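1. Provide a 3D model corresponding to the input given below.
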Amino acid sequence: MTILITGATGNVGRHLVERLAAEGHPVRALARDPDAVRFPAGVETVAADLTDPSSVEAALEGATGLHLMSALGSTNLTLPNAPELLAAAAKAGVRRVTVLWNGFRGPVEEAVEASGLEWTHLQPGEFMSNAATWADDIRSEGVVREPYGRIAHAPTHPADIAAVGAAALTTSAHAGRSYPLTGPQALAVPDQVAAIAEATGRDLRYVELTREEGAERMRAMGMEDAAIDYVLDWRADPPAWTAEPSDLVEQITGAPARTFAQWAAEHAALFR
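-> Numbers count the residues shown, from 1 in each chain. Next up, the predicted model:
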């Protein structure tokens with residue numbers, strides 16, 4: 001009953017690997033360079049490239065569950081070969097698949113739904129872990145710079161997204177469902193900065209950027225222009241549901257969704 005996790009080193013993927021392993025499920029973590037990452041004891045690691053379906057076939061051998069990302073890493077570019085990957089998964093004996101979206105329903109979701117497998121779409125709004133991109137400026141200057149920072153979202157802890165994914169991969173109760181996931185509080189960027197200040201014991205401030213200044217900051221982080229425009233458009237005019245706190249995580253997992261203050265406390269060392 002092996003479950004293959006793609007994006008296993010990502011914010012959600014690593015939590016999913018840890019949770020499934022802790023629950024006693026055989027886990028296989030896919031990574032471009034397995035020797036460069038560390039996973040819990042008992043987790044199998046395999047090298048593969050999602051853009052090369054033939055390299056994924058061996059990783060799928062014996063797997064009955066698959067966690068798939070709809071985008072390639074931090075690029076936010078849609079996975080180009082989803083039909084081939086899903087066909088290989090079905091041939092290997094995979095029964096259940098979860099998809100972590102990249103902010104919109106696209107060809108990956110369509111391929112999953114056409115695959116004949118039990119599927120569940122994980123559709124979080126804002127990730128709490130996005131705040132990690134502020135770490136350098138907070139450590140060096142005690143400042144957070146963002147455009148559209150006064151617009152509130154209800155961010156979700158990656159571990160809660162993973163918990164929902166684990167439930168979907170280990171039971172049939174969530175087959176054919178799409179889950180828009182938000183956290184327990186609607187927060188603007190200054191609210192998140194205040195939580196990090198509390199967690200670190202530091203005086204921090206927020207500086208509003210223009211859209212172009214925000215784009216330049218994201219380019220410096222290595223993001224492509226298409227991804228930058230998408231993210232900035234989302235933050236300027238987000239779907240209304242992304243600002244609405246939800247108890248869906250608790251409904252599915254039985255545990256209350258984690259707060260941003262909890263995330264900040266867990267990662268306080270990152271900002272010191």
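
2. wait, is Glu110 part of a strand?
-> No: counting by DSSP: H, G, I helix; E, B strand; the rest coil, Glu110 is located in no strand; its state is helix.

3. okay, it and Ala58: tell me how far apart.
-> Going from Glu110 to Ala58 by CB to CB, to the nearest Å gives 26 Å. To be clear about C-beta, it is placed using only N, CA and C from the backbone, and glycine gets the same treatment.

4. any weak-confidence spans in the stretch 51-200 of the chain?
-> Along the stretch 51-200 of the chain, segments meeting pLDDT under 70 span 73-76.

5. now the strands for it?
-> Applying DSSP state E, counting those that start in this stretch to the stretch 51-200 of the chain gives strands spanning 63-69, 96-100, 118-124, 143-147, 177-181.

6. want to throw these into CSV with distance to Ala132 and mean neighbour count?
-> Shown next, in CSV, are those (distance: least, CB to CB, whole Å; neighbours: other CB atoms under 10 Å):
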stretch, distance to Ala132, mean neighbour count
strand 63-69, 18, 25
strand 96-100, 17, 26
strand 118-124, 15, 23
strand 143-147, 12, 20
strand 177-181, 19, 18
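
7. tabulate those (TSV), appending distance to Leu77.
-> As requested, the strands of the stretch 51-200 of the chain are arranged in TSV below (distance: least, CB to CB, whole Å):
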stretch	distance to Leu77
strand 63-69	11
strand 96-100	14
strand 118-124	18
strand 143-147	22
strand 177-181	22
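
8. and Ala220, which of these is closest to it?
-> Nearest to Ala220, of all the strands of the stretch 51-200 of the chain, is strand 143-147, at 11.5 Å by CB to CB.

9. could you tell me how far that closest one lies from the centre of the chain?
-> In terms of CA atoms, centre = their mean, to the nearest Å, the centre of strand 143-147 is found 22 Å from the chain centre.

10. quick one: strands adjacent to it?
-> Here strand 143-147 has these sheet partners by DSSP bridges: strand 205-209 (parallel).

11. buried residues, the strand it pairs with. List them.
-> When burial is assessed from 16 or more other CB atoms under 10 Å, strand 205-209 yields the following buried residues: 206, 209.

12. likewise stretch 135-143?
-> With burial defined by 16+ other CB under 10 Å, the residues of stretch 135-143 counted as buried are 135, 137-138.

13. cool, stretch 27-47 as well?
-> Buried residues in stretch 27-47, counting neighbours by 16+ other CB under 10 Å, are found at 27-31, 34, 39, 43, 45-46.

14. repeat for stretch 188-207
-> 188-190, 192-197, 199-200, 204, 206.

15. quick check, nearest of these to Ala131?
-> Checking the buried residues of stretch 188-207 one by one against Ala131 (CB to CB), the nearest turns out to be Gln192, at 5.7 Å.

16. so the closest one touches Ser129, yeah?
-> No: assessed by CB atoms under 8 Å, Gln192 is found out of contact with Ser129, at 11.5 Å.

17. one step back: which of the buried residues of stretch 27-47 scores worst on pLDDT?
-> Ranked by pLDDT, the buried residues of stretch 27-47 bottom out at Pro34, which has 74.

18. want to throw the buried residues of stretch 188-207 into a markdown table with distance to Glu84?
-> A markdown table is the format used below for the buried residues of stretch 188-207 (distance: CB to CB, whole Å):
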| residue | distance to Glu84 |
| --- | --- |
| Ala188 | 42 |
| Val189 | 40 |
| Pro190 | 45 |
| Gln192 | 40 |
| Val193 | 44 |
| Ala194 | 47 |
| Ala195 | 43 |
| Ile196 | 42 |
| Ala197 | 48 |
| Ala199 | 44 |
| Thr200 | 46 |
| Leu204 | 47 |
| Tyr206 | 45 |
